[in-house]
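[1] Predicted model follows, preceded by the sequence.
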Amino acid sequence: MVPEYREGLRGYTGGMPGQDVSFELDAPLEDLVKRILDIPSPSGHEGPLADAIEKALQSAQHLEVMRLGNTVAARTSLGRERRVIWAGHIDTVPVGDNLPSQIRDGALWGRGSVDMKGGLAIGLSLAVALDSPQHDMTWIFYDNEEVEASKNGLGLFGAAHPDWAVGDFAIVGEPSNGAIEGGCNGTLRVEIETPGKQAHSARSWMGHNAIHSAARVLSRLNDYTPATITVDGLDYREGLNAVGITGGIAGNVIPDSCTVTVNYRFAPDKTLPQAEAHVREVFEGFFVRVVDQAGGCRPGIDGELAQGFISAVDADVRPKFGWTDVARFGEWGIPAVNFGPGDPSLAHSDDEAVSLAEVRAVHQGLRAWLSSYSD
Ligand SMILES: [Zn+2]
């Protein structure tokens, strides 16, 4: 494990397995972000960081801690009426020449600063500091987000401990420029096959051209007007697009089959079966095969609990169009938003850097919300 781990670090030796790492939780927030950054945790090598997070959470009397692999979760049980889940992934893409971290012009520079160790530091410091939050809290620090979905720590943890996968609202600490990005669109990919009859192109009248038939599929796409659908107060733009086409086997053969691949990005007012039914309706009369699908997630921001959150953190609210891990909460029936510091367009780049002022602002907002009592 160790040589392979070192390889992913390009010579940087901070936070190697076996090193004793821990956090000074009383230190200023920027020190904690810097410390977390300097414990590299490319996917599959989150052990040292998970150990340090577990140690920090165990030090808090008000938290019950549960670990599965390198996913560490903690929760309060104060008997509050509502429960909020905060979740953040602890892995990063492989480290380039961007560790150890550096502070330059009010920003913290280094692998993972944006995606998403700025958010991670906020979650960890609040988990430990808030011993009497206004809602019961579940904090989930999970591994393997940057790799294939089957390894995703949040998904595995929820499957292993369904009693921990419950709540009224969830916040994923992914970078969102400090804005609230609600829910996410779902995605469905289908293949539409048009049949034909093979023949030599010199005697084309003896066959039937499947590629020509695909024109009818394309014209339905051309005629289709994608909807914008308001869900819980946010406008989700949909899309129905051909993303691939294949057909034909040789330069002198009338093709007997042609396949158009279509991707439907649908608003979170629909379930997967409803999205599939819609696509089948659009392509009625054609053979439609589903090849890939992932449901969306409602933002739930019209609820009383989320409204309290929005007014306390005082951030812009907008819909999330891409598919993210908030959709896992959708699967668990929990509305969810992204809310974290950092510019997502800098995620995974070599000059990844997060504004420390933004880290402080997101921390302040969450702290103000969770510390305030309405009763
Ligand atoms: Zn991320």
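    Received, thanks.
[2] Helices of the stretch 251-375 of the chain, start to end?
    In the stretch 251-375 of the chain, the segments counted as helices under DSSP state H, counting those that start in this stretch are 272-282, 304-313, 326-331, 356-371.
[3] what's the most buried one of these?
    Each of those was scored by mean neighbour count; the highest is helix 326-331, a mean of 23, by mean count of other Cβ atoms under 10 Å. Placement of C-beta: from N, CA and C, glycine included.
[4] and for it, what are the contacting residues?
    By Cβ atoms under 8 Å, 6 or more residues apart in numbering, the surrounding residues in contact with helix 326-331 are 85, 87, 152, 154-155, 158, 170, 172, 183-184, 186, 268, 294-298, 320, 335-338.
[5] what's the neighbour count on Asp97?
    9 (other Cβ atoms under 10 Å).
[6] Could I get the pLDDT score of it?
    For Asp97, the pLDDT comes out at 81.
[7] dump the residue contacts of the residue nearest to Asn144 when sequence neighbours are not counted.
    Spatially, and ignoring its direct neighbours in sequence, Asn144 is nearest to Lys151 (4.1 Å; Cβ to Cβ, 6 or more residues apart in numbering). Taking Cβ under 8 Å, 6+ apart, we find Lys151 in contact with 43, 143-144.
[8] One more: Trp109?
    98, 101-103, 351-353.
[9] For the ion, see how far away Leu57 is.
    As judged by Cβ to the ion, to the nearest Å, Leu57 and the ion stand 21 Å apart.
[10] My guess is that residue contacts Val72. True?
    Yes - the pair Leu57 / Val72 is scored as a contact, 6.4 Å apart, by Cβ atoms under 8 Å.
[11] Mind listing the shared neighbours of these two?
    Common neighbours of Leu57 and Val72 (criterion: Cβ under 8 Å, 6+ apart): Val65.
[12] So those two - more neighbours on which side?
    Val72 (29 against 22).
[13] So the more buried one sits against Glu64, correct?
    No - shown here, Val72 and Glu64 do not form a contact pair, counting by Cβ under 8 Å, at 11.8 Å.
[14] model confidence over whichever strand or helix holds Lys55, on average?
    Element membership for Lys55 (DSSP states H and E) is helix 47-58. When pLDDT is averaged over helix 47-58, the result is 96.
[15] What are the contacting residues of that helix?
    Helix 47-58 has contacts (Cβ under 8 Å, 6+ apart) with 15-17, 19, 21-23, 25, 36, 39, 41, 63, 65, 67, 70-72, 74, 90, 124, 127-128, 139, 141, 143.
[16] Residues of the chain that sit close to the ion?
    Contact residues, the chain versus the ion (Cβ under 5 Å from the ion): 115-116, 174.
[17] Dump the residues you listed to a markdown table, plus pLDDT, secondary structure and distance to Leu346.
    Output for the residues of the chain next to the ion, formatted as a markdown table (pLDDT from 0 to 100; DSSP: H, G, I helix; E, B strand; the rest coil; distance: Cβ to Cβ, whole Å):
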| residue | pLDDT | secondary structure | distance to Leu346 |
| --- | --- | --- | --- |
| Asp115 | 93 | helix | 8 |
| Met116 | 95 | helix | 11 |
| Glu174 | 94 | coil | 13 |
